[in-house]
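In: Pasting the sequence and the predicted coordinates here, then a few questions.
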Amino acid sequence: MWGAELVPNVVSFSAAISACGKGREWQQALSLFSELRETALEPNIICYSAAISACEKGEQWQSALAMLSELQDEQLRPNVISYGAGVSACKEGGQWQRALSLLRDLWMAKLEMDVVILSAAVGACDKGGQWQWAISLLRQLQTSTLEQTVITYNSGVSACKEGGQWARALWLLREIRTARLEPDAISYNSGIGACKAEGLWQHALLLLGDMREARVEPDLVSYNSAVSSCEFCGHWRQALSLMRESSEASLQPDIISYSAVISACDKASEWEAALSLLGEMWEAKVQPSIVSYSAAISACEKGKQWQQSLSLLRGLWKARLKPNSATTVQ
DNA sequence: ATAGGGTTAG
């Protein structure tokens, strides 16, 4: 552009910054922004929003918020788009208080609230472990004139799950229908995930059944979540049988499926089953990870199979996976 | 002409 003696304007800078954001090149986006500052051009709200979004995609919540305050210093008014990118950046960084504070700013600026920014805020509460706030935001949505979406509910179910509020999670799952929306696989999967608590594996299985009945095909995440609830309860046979069931449903068990079942074996001190599953992974061309190895090693240790533990540790090294603190042989 | 934001599994 320079070579052709064409001078980029604010529009070209905005487009370029946005392109960097989409390509996950946040440093590049910010350096373009400082380049823009060195010209006689005045960055506008669109440039700023593109830069904030690039920070968000690069998980740089501090930079995103810095840009948001900088644009206000420049006497520019943030709009829903700038705030939306900011809330999302806070969500990624687990900064739920800051996300809520941006929501308040948006309200104070009398800007129109929308369902996506509210969902992002619910997501921030989810990540920040604030299920009460997540529910409170969801209630705000319900009493507003905004069109509700299943995604907001999904974030809410997930927040309850993260907060260990399984009954509330399942209650919200039911509320989706009350709101005349159709729960999708993610809704059910979050609900199944919420059943990872003492004695709740049967609930997880019931939800799998509910899904089929509602003609929402369980996917690998559904099965893996159910396996995980069995793992939590130490029901390794049930966990294994669920993994087999997923195969029959043409869903190839992946690294997460195997790791969860091997962890279930560990919990039940079933070292032989753990080892056999680890071997099966190789056959299925699923590369074991540090998680699967750790679980198998722990199972062997519980069974006092020191030789096996050592041999697995060596296998870990050979696979060039760094052992972590969970893989110590006493 | 140029900007954007939401959900699930080890």
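Out: Nice, I can see it.
In: burial of A:Leu106, as a residue count?
Out: When neighbours are counted by other CB atoms under 10 Å, A:Leu106 registers 23. No exception for glycine: its C-beta is placed from N, CA and C like everyone else's.
In: can you check the one 10 residues further on too?
Out: Neighbour count of A:Val116, defined by other CB under 10 Å: 16.
In: If you drop the residues flanking it in sequence, what lies closest to it?
Out: Spatial nearest neighbour of A:Val116, excluding adjacent residues (CB to CB, 6 or more residues apart in numbering): A:Gly84 at 6.6 Å.
In: I would like the residues contacting the helix or strand hosting that neighbour, please.
Out: Using DSSP states H and E, A:Gly84 falls within helix A:80-92. Applying CB atoms under 8 Å, 6 or more residues apart in numbering, the contact partners of helix A:80-92 are A:45, A:48-49, A:52-53, A:55-56, A:59-61, A:64-65, A:68, A:71, A:78, A:96, A:98-99, A:102-103, A:105-106, A:111-112, A:114, A:116-117, A:120-121, A:123-124, A:127.
In: out of those, which touch DNA strand B?
Out: Under the cut-off given by CB under 7 Å from any atom of the strand, DNA strand B has A:Ile45, A:Ser49, A:Ser53, A:Glu56, A:Asp114, A:Val116, A:Ile117, A:Ala120, A:Gly123 from the contacts of helix A:80-92 close to it.
In: Show me those that map onto helices.
Out: Here DSSP state H is the test, and these give A:Ile45, A:Ser49, A:Ser53, A:Glu56, A:Val116, A:Ile117, A:Ala120, A:Gly123 as lying in helices.
In: who in the stretch 1-150 of chain A is up against DNA strand B?
Out: Residues of the stretch 1-150 of chain A lying near DNA strand B (CB under 7 Å from any atom of the strand): A:9-12, A:14-15, A:18, A:21-22, A:44-47, A:49-50, A:53, A:56-57, A:79-82, A:84-85, A:88, A:91, A:114-117, A:119-120, A:123, A:126, A:149-150.
In: Just the buried ones from these?
Out: Buried members of those, counted by 16 or more other CB atoms under 10 Å: A:14, A:18, A:21, A:45-47, A:49-50, A:53, A:56-57, A:79-82, A:84-85, A:88, A:91, A:116-117, A:119-120, A:123, A:126, A:149-150.
In: Stretch A:136-150: how far from the chain's middle?
Out: Counting by CA atoms, centre = their mean, to the nearest Å, stretch A:136-150 is centred 22 Å from the centre of its parent chain.
In: Could you do stretch A:46-62 as well?
Out: 19 Å.
In: and for that stretch, what are the contacting residues?
Out: Here stretch A:46-62 makes contact (CB under 8 Å, 6+ apart) with A:10, A:13-14, A:17-18, A:20-22, A:24-27, A:29-30, A:33, A:36, A:63-64, A:67-68, A:70-71, A:76, A:78-79, A:81-82, A:85-86, A:88-90, A:92-93, A:95, A:98.
In: so for it, what's the average pLDDT?
Out: Average pLDDT, stretch A:46-62: 95.
In: What of stretch A:148-158?
Out: Stretch A:148-158 comes out with an average pLDDT of 95.
In: That one: how far from the chain's middle?
Out: Distance of stretch A:148-158 from the chain centroid (CA atoms, centre = their mean) equals 13 Å.
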